[in-house]
Structures are given as C-alpha cells and as structure tokens.
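# The following block contains a protein sequence and its predicted model.
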Amino acid sequence: MNREQFFQKLEQEGYPEPVEVVREPNGFLGDHTHPFEVIALVLSGNIELTLEGVTSNYESGNVFHLMHEQLHSETYGPNGVHYLAARK
C-alpha cells in the first residue's frame, strides 16, 4: 500500500491524521498494550509483531492493525523501522 491509499483508508474508516514513528535498529518492546486502536503503514525498515504467540513481519508498504488494549510485543530490524500510525 502506498501513502495515498493509506490516507484514503484512514479517511474511509474514520481515523485521525497519523503520526510518524521511528524506532531504533534492533530494538524491542516486550509485552504491552495501548489505550487506543492503531492502524499503521510501514515506510521503511521492518517490525515484527507477536500477538497471541504468532509473530508476523511487516516491511515497507505493509499495513498492520492493533486493537484497543491488544497485548503484543515488538521487535525492530537491523535498520529500525519508520511508520505512520493513526490512533483512535
């Protein structure tokens, strides 16, 4: 998905403007939740998300979605990750 498509999706689904997120190379966040739902478009690098014991990798052009208070962990690749995240 490209930026234009992502912004159209946000508008259609009632999400606010996204924020840019940059995470460090080879970083990690253990199990945690967020007090919001999030949909994000990876711009560069990669992020691995583990939800309910299943790990998925997201790279440039991929979109990931986390539900409100969904327990997950995050691992960032050797180049870190840069993504746009819209929260509601």
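Thanks, I have the structure now. Just so it is clear, the model here is predicted, and its values are computed rather than measured. Residues are numbered from 1 along each chain as shown.
# Quick check: longest strand in the chain by residues?
The single longest strand within the chain, with elements called by DSSP state E, is strand 72-87.
# Pull up the pairing partners for that strand, direction included.
Strand 72-87 pairs in its sheet with strand 19-23 (antiparallel), strand 28-32 (antiparallel), strand 38-51 (antiparallel), by DSSP bridges.
# okay if I get those strands as TSV plus mean pLDDT, mean neighbour count and distance to Ser73?
Where C-beta positions appear, they are placed from N, C-alpha and C, glycine not excepted. Formatted as TSV, the strands paired with strand 72-87 follow (pLDDT from 0 to 100; neighbours: other C-beta atoms under 10 Å; distance: least, C-beta to C-beta, whole Å):
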stretch	mean pLDDT	mean neighbour count	distance to Ser73
strand 19-23	97	13	13
strand 28-32	97	10	5
strand 38-51	98	19	5
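# Let me have these in CSV, adding distance to Leu84 as columns.
Shown next, in CSV, are the strands paired with strand 72-87 (distance: least, C-beta to C-beta, whole Å):
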stretch, distance to Leu84
strand 19-23, 6
strand 28-32, 18
strand 38-51, 5
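# Let me know the distance separating the residue of the chain most remote from its centre from His65.
For the chain, the residue at maximal distance from the C-alpha centroid (C-alpha atoms, centre = their mean) is Gln12, at 18.5 Å. Using C-beta to C-beta, to the nearest Å, we find Gln12 at a distance of 14 Å from His65.
# How about Leu51?
For Leu51 relative to His65 (C-beta to C-beta), the value is 10 Å.
# Ok, Pro35 next?
16 Å.
# Of the two, give the one with the bigger neighbour count.
Using other C-beta atoms under 10 Å as the criterion, Pro35 and His65 rank with His65 on top: 11 against 7.
# show me the contacts for the more buried one.
Glu37, Val38, Ile39, Ala40 (C-beta atoms under 8 Å, 6 or more residues apart in numbering).
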